[in-house]
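[1] Quick one: sequence and predicted model below, then my questions.
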Amino acid sequence: MPDGSRLHVVIPDITQRYWSVNIRKFTRRIRDLTQLVALGALTQPAAEFMRVCVRGGQNILVSGATQTGKTTMLNALLSATRRTERIITVEETFELSVGARDVVAMQCRQPSLEGAGEITLRRLIKESLRMRPDRLVVGEVREAESLDLLIALNSGLPGMCSIHANSARDALAKLSTLPLLAGRNIDSSFVLPTVAGCIDIVLHCEMDRHGRRRVTEIIAPSGQLTGSTIEASPLFLMKNGVLEHTGGFPTKLAKFRAAGLDPAEVLRRGAA
């Protein structure tokens, strides 16, 4: 719709009797991590850590169920990017709002009535690599486009995306499965180590029974595999309704060091 809301209509005989008209609106008032802290979505130490992760070029996966605030979280994380970065966003429909000065936002296009002219997420991700991006953001991965995203991130390009999952570890498992939809020649022996090596941080969002959207865990994959399981250390976990630092630290530090940042210092300062 003109204001960016999504319109979804189902009519008989798909529905049993009545029309079902759904309009999904997206809030624009939450623009950064500071506002999420004020709303209780995450704590100040967690927000400071995530800000350092963004500045340090970490590849961040935001997971959660429907309506848990994944897109809002992506927008807030993007507010921590440097305004000089060239950011390419790829979505099914425009939802992200980036404050950087150099942004190229792209969305998919449905096929015409003749079945021609479709532009898929896979195509857009491939095209984005030809646009000299400093950071690639995919609104959500659901299917085979996850393979193209992993290939892009494996080339050293910082990125973010969201995914539907029940927990942070489930998000890693799902991202390790979706690329297999790309074709029979794609094997888990390639996908698993690629996910382990590419994804640096997984942030999981949930909605509680009162309707409050909150971050419940942040984990850091180590880059190593134990069998078919990606090793990951919990950095923040929800305990007694509070997101607390577990005492753990990220083990993949090369990108942080290249950016002149020390995540351990930020985590210790937040715990003090």
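    It's in.
[2] so how many other residues sit close to Leu192?
    If you count neighbours by other C-beta atoms under 10 Å, Leu192 ends up with 21. Backbone N, C-alpha and C define where each C-beta goes, glycine included.
[3] Start the count at 676 instead of 1 going forward.
    Let's use 676 as the start, then, which means that last one is Leu867.
[4] quick check: mean pLDDT across stretch 873-888?
    Mean pLDDT, stretch 873-888: 94.
[5] Next, the buried residues of that stretch.
    Cys873, Ile874, Asp875, Ile876, Val877, Leu878, His879, Cys880, Glu881, Met882, Arg888 (16 or more other C-beta atoms under 10 Å).
[6] from what I can see the third one touches Met725, true?
    The one in question is Asp875. No: using C-beta atoms under 8 Å, Asp875 makes no contact with Met725, being 11.5 Å away.
[7] Identify the contacts common to those two.
    Ile735 (C-beta atoms under 8 Å, 6 or more residues apart in numbering).
[8] who's in contact with Thr759?
    Thr759 sits next to Ala775, Arg776, Asp777 when contact means C-beta under 8 Å, 6+ apart.
[9] Among those, which lie within helices?
    Using DSSP state H to define helices, no part of those is located there.
[10] between these, which has the most around it?
    Neighbour-wise, the contacts of Thr759 (other C-beta under 10 Å) top out at Ala775, 16 neighbours.
[11] shaky segments in the stretch 676-825 of the chain?
    Scanning the stretch 676-825 of the chain for pLDDT under 70 picks out the ranges 702-703.
[12] And the helices in it?
    708-713, 719-730, 745-753, 796-803, 820-828 (DSSP state H, counting those that start in this stretch).
[13] Check which helix or strand the residue nearest to Leu855 when sequence neighbours are not counted maps to.
    Nearest non-adjacent residue to Leu855, counting by C-beta to C-beta, 6 or more residues apart in numbering: Ile861, 5.5 Å away. For Ile861, there is no host helix or strand (DSSP states H and E).
[14] Compute the number of surrounding residues for Ile861.
    14.
[15] Not counting its neighbours along the chain, what's nearest Gly945?
    Per C-beta to C-beta, 6+ apart, closest to Gly945 is Pro720, 2.6 Å.
[16] list the helices and strands the longest strand anywhere in the chain packs on?
    Looking across the chain with DSSP state E, the single longest strand is strand 888-901. Here strand 888-901 is seen to pack against helix 719-730, helix 843-850, helix 863-873, strand 876-882, strand 904-914, strand 917-920 when contacts are counted using 3 or more C-beta pairs under 8 Å, 6 or more residues apart in numbering; DSSP states H and E.
[17] Let me know which of these is the nearest to Arg681.
    Closest to Arg681 of the helices and strands packed on strand 888-901 is strand 876-882 (C-beta to C-beta; 18.6 Å).
[18] May I have the strands that pair with that closest one, each with its orientation?
    Looking at strand 876-882 with DSSP bridges, its partner strands are strand 735-739 (parallel), strand 888-901 (antiparallel).
[19] how near is the closest residue to Asp777 other than its chain neighbours to Val870?
    Residue nearest to Asp777 in three dimensions, not counting chain neighbours: Arg761, with 4.4 Å by C-beta to C-beta, 6+ apart. Separation of Arg761 from Val870 (C-beta to C-beta, to the nearest Å): 25 Å.
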